[in-house]
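A.B. asks: Dropping a prediction and its sequence here:
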Amino acid sequence: MLARLRQWLGNTPEGVPLNLAMGLLAFVVGLIQAQPQLILLGACYTAAFLLVSVRLRWARYALVILFLFMGARLIANAFWYGPSLIRLFGSGFCLWMAMDAWRRYSPENLGDVIEQPFALVLLVAKPRKLEGEELARLLESSWGGQFAYESAEENATGVEEADTEDDRQFIVGKEGHFMVHSRRGWFLVHNVAEPYWTDDTDVVAEMHEDMRSAQIVRDHQAWLSIDLLRVGQSDDEQALQLRAMGKFIATLADDETLGLLRPDLGQLNAWGPVVKDHLERGQVDAAIYELNEPPVISIADDNQQLLDGVAEAKRRWPEFVAAYANHDQARDNFAVKAPVTRSDVTEFIWMEITKLDAGRVHGTLQNEPVNLGSLKLGDPVEIAAGDINDWVYSLGSQPPVGLFTLAAFDTPEEG
């Protein structure tokens with residue numbers, strides 16, 4: 001118990017413990033002396049600093065209002081009952097305390113608490129088990145040190161009385177919901193065997209312009225997350241917390257992982273080696289914003305820029321064939337975009353050319369398909385030359401030629 005009390009005092013904003021003690025003292029004295037005004041003052045004073053202790057963004061407003069009210073009360077008393085040293089000095093002191101509270105307990109100094117809890121979420125294809133002991137081993141492998149696990153019913157005296165930093169790292173909880181305390185702060189870890197959006201998955205999916213992200217929203221059946229309970233007081237501390245969360249969430253990923261979600265930004269990225277590598281390096285922003293796969297955007301069939309681009313690609317197809325016939329395989333690159341269909345689902349996808357013959361195009365998929373069954377990145381495919389939608393080639397270090405439909409994706413549609 002003493003260890004946790006010391007931890008709380010260490011993480012509490014400057015001046016809060018002393019002011020809490022003063023508020024409680026005023027409250028108790030008011031009770032003893034039966035003074036309702038002192039009881040009310042002590043209660044309000046204590047409540048205001050309790051708000052600061054949990055780092056609420058708006059807590060300083062309560063403090064400023066309280067101090068200004070106290071100062072105004074002293075000024076009013078000086079006006080009605082005559083000035084005195086205590087009233088004049090007290091009113092000035094209350095004004096100074098209001099300004100000091102506004103500065104001292106600003107969002108920046110409190111750690112800029114995020115109104116939507118900061119979290120990293122893995123969306124997965126099917127539920128998985130995560131016991132407390134396994135969680136402890138995963139935290140040890142990603143964060144270092146030792147973690148003690150106790151179920152929600154167990155007594156934590158062995159953890160509370162520990163003296164070393166490592167021993168003070170512990171996990172409490174059960175059934176997929178755990179609270180984690182480490183040298184980096186307090187966190188929550190969830191393992192939930194149901195979709196992240198339980199009631200409106202289709203609505204959320206339609207909000208994603210990228211069809212790949214929309215498919216992840218529809219396909220996932222469970223999720224795991226780590227939530228930051230308390231943001232660090234300095235930029236360096238916050239950066240360390242963020243890196244630690246990224247490294248840990250990477251250890252939870254497996255072959256069933258579909259995507260990485262940051263709820264406070266509404267940002268979803270398809271899971272893959274690029275994302276995992278960034279997380280393991282502690283580069284959370286890169287893991288969220290650097291796409292693991294190119295986006296798949298739906299464009300209306302009657303989009304004029306798209307129709308013009310496809311027509312130009314088909315008209316100049318002989319130019320592509322001629323360039324390929326004389327290309328240097330070691331330094332030149334050739335790719336086409338064409339419809340690929342599996343089980344009545346069609347996607348327009350890029351493929352790297354491996355052979356052209358008799359009106360047929362052979363190649364390997366350059367992008368991970370969204371919903372083409374067993375087809376994966378790098379799989380061989382074959383299409384009719386007449387079905388090509390776009391093409392591009394580059395000869396050595398020369399600028400690429402082609403990409404005729406690109407303008408349709410770069411220009412927002414009206415409507």
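C.D. replies: Perfect, I can see it now. Numbering: from 1, shown residues only.
A.B. asks: Longest helix in the protein, by number of residues?
C.D. replies: Longest helix of the chain, by residue count under DSSP state H: helix 59-81.
A.B. asks: in that helix, what's buried?
C.D. replies: Residues of helix 59-81 classed as buried under the neighbour-count rule (16 or more other Cβ atoms under 10 Å) are 59-60, 62-64, 66-67, 70-71, 73-75, 77-78. (Each C-beta comes from the backbone N, C-alpha and C, glycine too.)
A.B. asks: got it, and stretch 15-22?
C.D. replies: Buried positions in stretch 15-22, judged by neighbour count with 16+ other Cβ under 10 Å: 16, 19, 20.
A.B. asks: now it: mean pLDDT?
C.D. replies: Averaging pLDDT along stretch 15-22 gives 83.
A.B. asks: which of the residues in stretch 363-371 are buried?
C.D. replies: By neighbour count on 16+ other Cβ under 10 Å, the buried set for stretch 363-371 is 363, 365, 366, 367, 368, 369, 370, 371.
A.B. asks: Counting neighbours, what do you get for residue 384?
C.D. replies: 10 (other Cβ atoms under 10 Å).
A.B. asks: quick one: low-confidence parts of the stretch 1-150 of the chain?
C.D. replies: Applying pLDDT under 70 to the stretch 1-150 of the chain flags residues 1-12, 54-57, 107-117.
A.B. asks: Can you show me the strands along it?
C.D. replies: Secondary structure of the stretch 1-150 of the chain, counting by DSSP state E, counting those that start in this stretch: strands at 119-124, 148-150.
A.B. asks: Mind checking what secondary structure the nearest residue to residue 260 once chain neighbours are set aside has?
C.D. replies: In space, and not counting its chain neighbours, residue 260 is closest to residue 269: 5.1 Å by Cβ to Cβ, 6 or more residues apart in numbering. Classification of residue 269 using DSSP: H, G, I helix; E, B strand; the rest coil returns strand.
A.B. asks: what's the answer for residue 187, then?
C.D. replies: Under three-state DSSP, residue 187 comes out as strand.
A.B. asks: On the strand side of things, show who the residue nearest to it when sequence neighbours are not counted bridges to.
C.D. replies: Computed as Cβ to Cβ, 6+ apart, the closest residue to residue 187 that is not its neighbour in sequence is residue 180, at 4.4 Å. Going by DSSP bridges, residue 180 is paired in beta bridges with residue 171, residue 187.
A.B. asks: Can you get me a residue count around residue 180?
C.D. replies: For residue 180, the neighbour count with other Cβ under 10 Å is 25.
A.B. asks: right, and residue 406 touches residue 309 too?
C.D. replies: Yes - contact criterion Cβ atoms under 8 Å: residue 406 and residue 309 qualify, at 7.3 Å.
A.B. asks: So between these two, which is more surrounded?
C.D. replies: Taking neighbours as other Cβ under 10 Å, residue 406 and residue 309 compare with residue 309 leading, 21 against 13.
A.B. asks: How much space separates the more buried one from residue 388?
C.D. replies: Using Cβ to Cβ, to the nearest Å, we find residue 309 at a distance of 12 Å from residue 388.
A.B. asks: Tell me the confidence at residue 263?
C.D. replies: Note on residue 263: pLDDT of 88.
A.B. asks: Now find how far off-centre stretch 40-56 is within its chain.
C.D. replies: 30 Å (Cα atoms, centre = their mean, to the nearest Å).
A.B. asks: Could you say which helix or strand holds the closest residue to residue 404 other than its chain neighbours?
C.D. replies: In space, and not counting its chain neighbours, residue 404 is closest to residue 309: 3.9 Å by Cβ to Cβ, 6+ apart. Assigned by DSSP states H and E, residue 309 belongs to helix 304-315.
A.B. asks: What is that helix packed up against?
C.D. replies: strand 390-394, helix 406-410 (3 or more Cβ pairs under 8 Å, 6 or more residues apart in numbering; DSSP states H and E).
A.B. asks: Which one, of these, ends up nearest to residue 217?
C.D. replies: Nearest of the helices and strands packed on helix 304-315 to residue 217, taken as Cβ to Cβ: helix 406-410 at 21.3 Å.
A.B. asks: pLDDT on that closest one, on average?
C.D. replies: The model assigns helix 406-410 a mean pLDDT of 69.
A.B. asks: Can you report how many residues neighbour residue 304?
C.D. replies: 9.
A.B. asks: looking at it, the residue nearest to residue 187 is touching residue 140, isn't it?
C.D. replies: No - using Cβ under 8 Å, residue 180 makes no contact with residue 140, being 11.6 Å away.
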